[in-house]
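> I'll drop the sequence and a predicted model, then ask my questions.
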Amino acid sequence: DAGVIQSPRHEVTEMGQEVTLRCKPISGHNSLFWYRQTMMRGLELLIYFNNNVPIDDSGMPEDRFSAKMPNASFSTLKIQPSEPRDSAVYFCASSFRSPSFGQRRSYNEQFFGPGTRLTVL
Amino acid sequence: AQSVTQLDSQVPVFEEAPVELRCNYSSSVSVYLFWYVQYPNQGLQLLLKYLSGSTLVESINGFEAEFNKSQTSFHLRKPSVHISDTAEYFCAVCMNTGFQKLVFGTGTRLLVSP
């Protein structure tokens, strides 16, 4: 299994440009998470999809950020327009949410991709 | 809401010495607890987890953590560290029901030197 795949691994862009980050979850997983990691705020959950449907996007910082999951094997996180404060490492993670989800003593491990390091100049 | 505190941002230690990375959490409901490890330029990997049962949990590479409900702690320990243990370690919690949103601490960088 190739694990969670993210592209690009590094992105350098200028303020005002559109940035698109891509994620391919592990085959068979039905939940996908986008996280942002910064020195100031640590790791933050931006958005969570289950069965391709956004369930919780309360962590999305503002309207400049949008995420889509058109099918079970692909998701994008888009920033338009980008700003220097968006510079961070963006992680995608996936998991399998089982039918017993919600019951005590079950946990669906999240597997993380290698991340995309975004620098906005 | 849950929160996680990792008081030590960096812990330097010599090879073969013992180490403890501290983690305290706050939650009004029962939680699951985790330690993740992040090696340079890589994503996070689950190191160990506490869901229920024995309060002492172990990883395959010699780390262990003990859930202490009265002290709301989940400290990570290793009796003898290796150079290869140099990494950033994140403590995390989530509710044990419903949407299992992980809440992470700010991380502790473990620096092992010869």
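Looks like it came in fine. Numbering: from 1, shown residues only, chains lettered A, B, ... in the order given.

> identify the bridge partners of residue 93.
Because you didn't say which chain, this covers chain A. Going by DSSP bridges, A:Ala93 is paired in beta bridges with A:Phe33, A:Phe112.

> wrong chain, I was asking about chain B
Under DSSP bridges, the beta-bridge partners of B:Val93 are B:Leu33, B:Val103.

> burial count for it?
25 (other CB atoms under 10 Å in any protein chain shown). (C-beta placed from N, C-alpha, C; glycine too.)

> contacts only, for it.
Going by CB atoms under 8 Å, 6 or more residues apart in numbering or on different chains, B:Val93 touches B:2, B:4, B:25, B:27, B:31-34, B:102-103.

> just give the nearest non-adjacent residue to residue 85, would you?
Looking at chain A here, since you left the chain open. Residue nearest to A:Arg85 in three dimensions, not counting chain neighbours: A:Val120, with 7.8 Å by CB to CB, 6 or more residues apart in numbering or on different chains.

> I was after chain B.
In this structure, B:Asp85 finds its nearest non-sequential neighbour in B:Val112, 5.4 Å apart by CB to CB, 6+ apart.

> which residues touch the one you found?
Applying CB under 8 Å, 6+ apart, the residues near B:Val112 are B:13-15, B:81-86.

> what of B:His82?
B:His82 neighbours (CB under 8 Å, 6+ apart): B:15-16, B:112.

> between the residues you listed, which is nearest chain A?
B:Val112 (21.9 Å; CB to the nearest CB).

> and what about that closest one, helix, strand or coil?
strand (DSSP: H, G, I helix; E, B strand; the rest coil).

> so it versus B:Gln6, what's the distance?
From B:Val112 across to B:Gln6, the span is 18 Å (CB to CB, to the nearest Å).

> tell me the secondary structure for B:Ser84?
Under three-state DSSP, B:Ser84 comes out as helix.

> list the contacts for it?
Applying CB under 8 Å, 6+ apart, the residues near B:Ser84 are B:Val112.

> from chain A, how far off is it?
18 Å (CB to the nearest CB, to the nearest Å).

> number of residues surrounding B:Ser73?
Neighbours of B:Ser73 (other CB under 10 Å): 17.

> my read: it touches B:Leu21, true?
No. Look at B:Ser73 against B:Leu21 with CB atoms under 8 Å: they stay out of range, at 11.1 Å.

> all the helices of chain A, residue numbers only.
Counting by DSSP state H, chain A has no helices at all.

> in it, what residue lies closest to chain B?
A:Phe112 (3.5 Å).

> compute the number of surrounding residues for that residue.
Using other CB under 10 Å: A:Phe112 sits among 22 other residues.

> for it, give me its contacts.
Taking CB under 8 Å, 6+ apart as the test, what A:Phe112 contacts is A:4, A:35, A:91-93, B:43-45.

> just for the chain, where's the confidence low?
The chain I'm using is chain A. Chain A contains residues with pLDDT under 70 at A:1, A:99-106.

> ah, no, chain B please
For chain B, the stretches with pLDDT under 70 are B:97-99.

> please name the nearest non-neighbouring residue to the residue most central in space within chain A.
Residue closest to the mean C-alpha point of chain A, counted by CA atoms, centre = their mean, is A:Trp34 at 2.0 Å. Nearest residue to A:Trp34, sequence neighbours excluded (CB to CB, 6+ apart): A:Leu46, at 4.4 Å.

> kind regards, and thank you for your time.
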